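Undergrad: here you go, sequence then predicted model.
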Amino acid sequence: MPFNPRVFVRKSHRWGAALVAAPFLLVLLSGLLLQLKKQLTWVQPPTAKGTTKVPTLAMPDLLAAVKAVPEAEVESWADVDRLDVRPKDGIVKVQCRNRYEVQVDFATGKVLQVEYRRSDLIESLHDGSWFGDAAKLWVFLPVAAVVLGLWVTGVYLFVLPLVVKWRRARMKG
């Protein structure tokens, strides 16, 4: 039986789609949530507004303000994942290791908002890092390569009938 590229491309497209269906669905759904993270407060808390645009709060005072929030479970700087300083909003977003975000006015030290932040978890699911480096490299990277192949074979399967119709029309005319 001779090699037929059209049959090969169709079968590759079909089996490639079946192979990557579950991980790619996770990437798609998490990507949709990340696209809407500013609109969905369930994903990422909205940014509060502070009293001034000039940071004057000392770091020990910032830590004391966050320690006073029971949900944050902060005892020391080791319990803090990162600080996001927003001068235009007048706040510091303190992202804790337990995924809570405490927004503090960086002039007064007043806690403006405490919310659970899911965007980092969703992002780690999206890029595969939640499953570990091995899964990111050996599952999500190949899935991306297969999806690229699906795009190429899909374009081929879409364009091929158009080219055949164009050639037939040209031969008749």
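TA: Thanks, I have it. Numbers count the residues shown, from 1 in each chain.

Undergrad: quick one: secondary structure of G16?
TA: helix (DSSP: H, G, I helix; E, B strand; the rest coil).

Undergrad: any idea how far it is from V143?
TA: G16 sits at a distance of 10 Å from V143 (criterion: Cβ to Cβ, to the nearest Å). No exception for glycine: its C-beta is placed from N, CA and C like everyone else's.

Undergrad: grab the nearest non-local neighbour of the most centrally placed residue in the chain.
TA: When Cα atoms, centre = their mean is applied to the chain, the residue found nearest the centroid is E123 (3.3 Å). Computed as Cβ to Cβ, 6 or more residues apart in numbering, the closest residue to E123 that is not its neighbour in sequence is L34, at 6.3 Å.

Undergrad: ok so, going back, give the buried residues for the helix or strand hosting the residue nearest to the centre of the chain.
TA: Element membership of E123 [criterion: DSSP states H and E] is helix 119-127. For helix 119-127, the neighbour count (16 or more other Cβ atoms under 10 Å) marks S119, D120, I122, E123, L125, H126 as buried.

Undergrad: now swap in stretch 85-102 and tell me
TA: Quick answer for stretch 85-102 (16+ other Cβ under 10 Å): R86, D89, G90, I91, V92, K93, V94, Q95, C96, Y100, E101, V102.

Undergrad: just the ones of those in strands?
TA: Among the buried residues of stretch 85-102, the members found in strands (DSSP state E) are R86, I91, V92, K93, V94, Q95, C96, Y100, E101, V102.
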